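Engineer: the following comprises the amino acid sequence and a computationally predicted model.
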Amino acid sequence: MRIVENPAEAYEQISQWKHSGKSVGLVPTMGALHAGHLALVQRSRDECDFTAATIFVNPTQFGPQEDLSRYPRTLDADLKGLSELRTDLVFLPTSEQLYPRGYSTYIQPPQVALPLEGVHRPEHFRGVATIVLKLFQILPASVGYFGLKDYQQWMVIKRMVEDLNVSIRIEGCETVRDPDGLAMSSRNRYLNPTERQTALSLSRALRQARKRVAHGNCNISELELAMEEQLKSAGMDRIDYARVVCRETLGTLDVLDRPAVALIAAYVGTTRLIDNVLLDHQDAAG
């Protein structure tokens, strides 16, 4: 496994692989890797000739009151996990390399960035789109792999690539969950045992939404209200959103008459967690 800190070296290596006719998969991360991240790496290993991963805690996607300073950093363990999966290259840039003094250029994210996270974290996707595009320029891979737990992020990156004609294919990978259903997240390590039990209400609320659809309930307001009630009954009184929206546009729906996605963002203690599940009107009874 080659560890590279210099952007020019990373570009040279990826370009060399591409010019030799090999496919390259890229897994951008902020570190604190868990089994979900490693599943992305494994899929890239399965589908591509070479795999590169990045570890960079991107400051521009954190708001002023968010957890940049305490975001978990576990570099030694991260490198060990990537090495065990035989990752070919790991890019470890510094903030100074990616955002040098005087840096002032940012990407305006696509329309799908506006609802949901865009309402509650207004500058978040500007930072995400900017850093991801920079990584695509430094490591011009064939395929980028992203987890569908961050569904809106995946949509933002997918649309950005399409709109700006970036020569990379974007693949979404299924959410990896612990046996009890909790979606894996680097922020889960913030949770104490009691909070972790409370956090299970996110996946329970989403499963209940799917069950209601299977029993024929396609009323969006009722589905959203049921999710909120499930969260509140578990003691979660700080809910950013519990929504069911169009899967392709993230636009508002009145009735489940097309492929949709149910998404939740809520706080357990001081930890903000997100989760989602896909819903399909064709699964409704009758």
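Structural biologist: On my side now, so go ahead.
Engineer: ok, Ser86 - how many residues close by?
Structural biologist: One correction, residue 86 is Arg, not Ser. 11 (other Cβ atoms under 10 Å). (Each C-beta comes from the backbone N, C-alpha and C, glycine too.)
Engineer: I misspoke; the intended subject was Glu66.
Structural biologist: That count, for Glu66 with other Cβ under 10 Å as the rule, works out to 13.
Engineer: cool, the one 10 residues further on as well?
Structural biologist: Counted with other Cβ under 10 Å, the neighbours of Asp76 add up to 8.
Engineer: Val161 too?
Structural biologist: Look at Val161: counted by other Cβ under 10 Å, it has 20 neighbours.
Engineer: which other helices and strands does the host helix or strand of it contact?
Structural biologist: Using DSSP states H and E, Val161 sits in helix 151-163. In this structure, helix 151-163 packs against helix 124-138, strand 143-147, strand 169-173, strand 260-268, with contacts taken as 3 or more Cβ pairs under 8 Å, 6 or more residues apart in numbering; DSSP states H and E.
Engineer: for those, which one sits closest to Ser185?
Structural biologist: Ranking those by proximity to Ser185 (Cβ to Cβ) places strand 143-147 first, at 9.6 Å.
Engineer: got the angle for the closest one vs helix 124-138?
Structural biologist: 150 degrees (axes from the mean of the first three to the mean of the last three Cα atoms, to 10 degrees).
Engineer: how about stretch 103-116: buried residues?
Structural biologist: Ile107, Pro109, Pro110, Val112, Ala113, Leu114, Pro115, Leu116 (16 or more other Cβ atoms under 10 Å).
Engineer: tabulate the CA atom coordinates of the longest helix along the chain in CSV.
Structural biologist: If you go by DSSP state H, the chain has its longest helix at helix 193-214. Written as CSV, here are the backbone C-alpha positions of helix 193-214 (Å, rounded to 0.1, in the frame of the first residue of the first chain):
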residue,chain,number,x,y,z
PRO,A,193,-24.6,2.9,25.9
THR,A,194,-27.9,4.5,26.7
GLU,A,195,-27.7,6.9,23.8
ARG,A,196,-26.9,4.1,21.5
GLN,A,197,-30.1,2.3,22.4
THR,A,198,-32.0,5.6,21.8
ALA,A,199,-30.3,5.9,18.4
LEU,A,200,-31.9,2.6,17.3
SER,A,201,-35.2,4.6,16.9
LEU,A,202,-34.0,6.0,13.6
SER,A,203,-33.8,2.6,11.9
ARG,A,204,-37.0,1.5,13.7
ALA,A,205,-38.9,4.5,12.4
LEU,A,206,-37.7,3.9,8.9
ARG,A,207,-38.6,0.2,9.1
GLN,A,208,-42.1,1.2,10.3
ALA,A,209,-42.5,3.5,7.4
ARG,A,210,-41.6,0.7,5.0
LYS,A,211,-44.1,-1.6,6.8
ARG,A,212,-46.9,1.0,6.5
VAL,A,213,-46.3,1.3,2.8
ALA,A,214,-46.4,-2.5,2.5
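Engineer: and for Ser233, nearest residue in space, chain neighbours not counted?
Structural biologist: Ser201 (7.7 Å; Cβ to Cβ, 6 or more residues apart in numbering).
Engineer: next: Pro122.
Structural biologist: Closest to Pro122 by Cβ to Cβ, 6+ apart is Gly63, at 7.9 Å.
Engineer: tell me the helix or strand right after the strand or helix carrying Gly81.
Structural biologist: Remark: Gly81 resides in helix 75-84, with elements defined by DSSP H and E. Downstream of helix 75-84, the next assigned helix or strand under DSSP H and E is strand 89-91.
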